[in-house]
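In: Below are the sequence and a predicted model for it; my questions follow.
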Amino acid sequence: MADRASFAPARNALYACAFAAALGCSSPPPDATADGAVRELLERLRRLEGNPADARAAYELLSSETKENLVARAKRYSAASGRHIAPELMLAPASFVQRFEPRELEVRVQGRYAVVTALGPSPSHRAEIPCVYEDGAWRVRIELPPLPPVEVRSRDEDIQRR
């Protein structure tokens, strides 16, 4: 009868195969593709109801350019209101609400940039969502209007306008 030691190499090989198979079966993260990042952002925005953790989760899927814009907006809001607001809380889900439920997403990738086209039930239901590949993952670039310059008025000028 064979001793236990003679089965050790076979057992170790079996464990290694099982471990490799388990790693191979794991699904890629949603932001591994541009359309996956768009789908995940839309889902996270749907769940966003004032919960800071949900807002942070949606914020993480945004491009660095979009995040910088939201940081600037949060700083301006914080300075004007006198209370701190986190950049992710500047996301207004109503601003990004889908006009339609996408039936299909088409992706055009050129280097580290992509455009995800969401197609709806009719030809008028079409939206193009820009994405960028940053730090090993796809991020959604939300085009926000630039902030206007801060207008500084003197106290006398403010009184005269009234």
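Out: Happy to help now that I have it. Just so you know, these numbers come straight off a predicted model, no measurement behind them.
In: For the strand ranked longest in the chain, name the packing helices and strands.
Out: Taking DSSP state E as the criterion, the chain has its longest strand at strand 126-134. On a contact count with 3 or more CB pairs under 8 Å, 6 or more residues apart in numbering; DSSP states H and E, strand 126-134 meets helix 34-47, strand 113-119, strand 137-140. Bear in mind the C-beta positions are built from the backbone N, C-alpha and C, glycine included.
In: any chance of those in a markdown table, plus mean pLDDT?
Out: A markdown table is the format used below for the helices and strands packed on strand 126-134 (pLDDT from 0 to 100):
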| stretch | mean pLDDT |
| --- | --- |
| helix 34-47 | 92 |
| strand 113-119 | 96 |
| strand 137-140 | 98 |
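In: Identify the residue nearest the spatially most central residue of the chain in space, chain neighbours excluded?
Out: Closest residue to the average C-alpha location of the chain: residue 61 at 1.7 Å, with CA atoms, centre = their mean. Counting by CB to CB, 6 or more residues apart in numbering, residue 61 lies nearest to residue 41, which is 4.5 Å off, once chain neighbours are set aside.
In: List the contacts of residue 149.
Out: By CB atoms under 8 Å, 6 or more residues apart in numbering, the contact list for residue 149 is empty.
In: separation between it and residue 67?
Out: Using CB to CB, to the nearest Å, we find residue 149 at a distance of 21 Å from residue 67.
In: and what of residue 74?
Out: 10 Å.
In: what do those two both touch?
Out: The contact sets of residue 74 and residue 67 overlap at residue 87 (CB under 8 Å, 6+ apart).
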